[in-house]
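Colleague: Next come a sequence and a model predicted from it.
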Amino acid sequence: MKKLITITCLLFLGLTQIQAQEKKNEPKAEIEFEKLTHDFGTIWDGVSKEYSFYFTNKGTAPLILSNVQPSCGCTAPEWPREPIMPGQKSKIKVIYSPGGLRSAFSKTITVSSNAVTNNVTLTIKGVVKDKPRDPVSPVKTQPAEGGF
């Protein structure tokens, strides 16, 4: 009876190892970004800014971006809907519109995919200030009425 239990356990462990090895060799997509954060520096209120985050599929399977979700409505992402083949590069363009905010900002964009690391967070940041006004032109004076 002991031999039967021992043989059963060894068979179970052997099958588990084979399955783990098969999963290890399975093709997988890997997303690698050149940068995860972009600082716009100072931008003017009412002026939209855009930046492209470039990435490469470093894996052995096609990379599919399933969703690219910004943290607020002031940020609009554009991303590829077709699979990114192994070794291929692509980009996610992010457009930020301040919409009246005049302060420092930090916004995130969550990239969901079939990659080994299936969620990656990108960040844009900067400071929004009032647009500089045109230099004041000299004030013209009107002559007083009924003048002498």
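Modeller: Everything's here; your move.
Colleague: contacting residues for the spatially most central residue of the chain?
Modeller: Nearest to the mean C-alpha position of the chain, by Cα atoms, centre = their mean, lies Leu122 at 3.6 Å. Counting by Cβ atoms under 8 Å, 6 or more residues apart in numbering, Leu122 makes contact with Phe33, Leu36, Thr37, His38, Phe53, Ile92, Val94, Thr108, Ile109, Thr110, Val111. All C-beta atoms are positioned from the backbone trio N, CA, C, and that covers glycine.
Colleague: sec struct for it, please.
Modeller: Classification of Leu122 using DSSP: H, G, I helix; E, B strand; the rest coil returns strand.
Colleague: of the contacts of Leu122, buried ones?
Modeller: His38, Phe53, Ile92, Val94, Ile109, Val111 (16 or more other Cβ atoms under 10 Å).
Colleague: Lys3 should be in a strand, yeah?
Modeller: No: with three-state DSSP as the criterion, Lys3 is helix rather than part of a strand.
Colleague: Please name the bridge partners of the residue nearest to the centre of the chain.
Modeller: Ile109 (DSSP bridges).
Colleague: Do you know the pLDDT at it?
Modeller: On pLDDT, Leu122 comes in at 98.
Colleague: roughly how far apart are it and Tyr51?
Modeller: 9 Å (Cβ to Cβ, to the nearest Å).
Colleague: hey, what's in contact with both of the two?
Modeller: His38, Val94.
Colleague: Quickly check the contacts of Leu122 for the two that are furthest apart.
Modeller: Using Cβ to Cβ, the contacts of Leu122 span at most 15.4 Å, a distance reached by His38 and Thr110.
Colleague: So Ala76 is in contact with Gly99, correct?
Modeller: No: Ala76 is beyond contact range of Gly99, at 11.6 Å (criterion: Cβ atoms under 8 Å).
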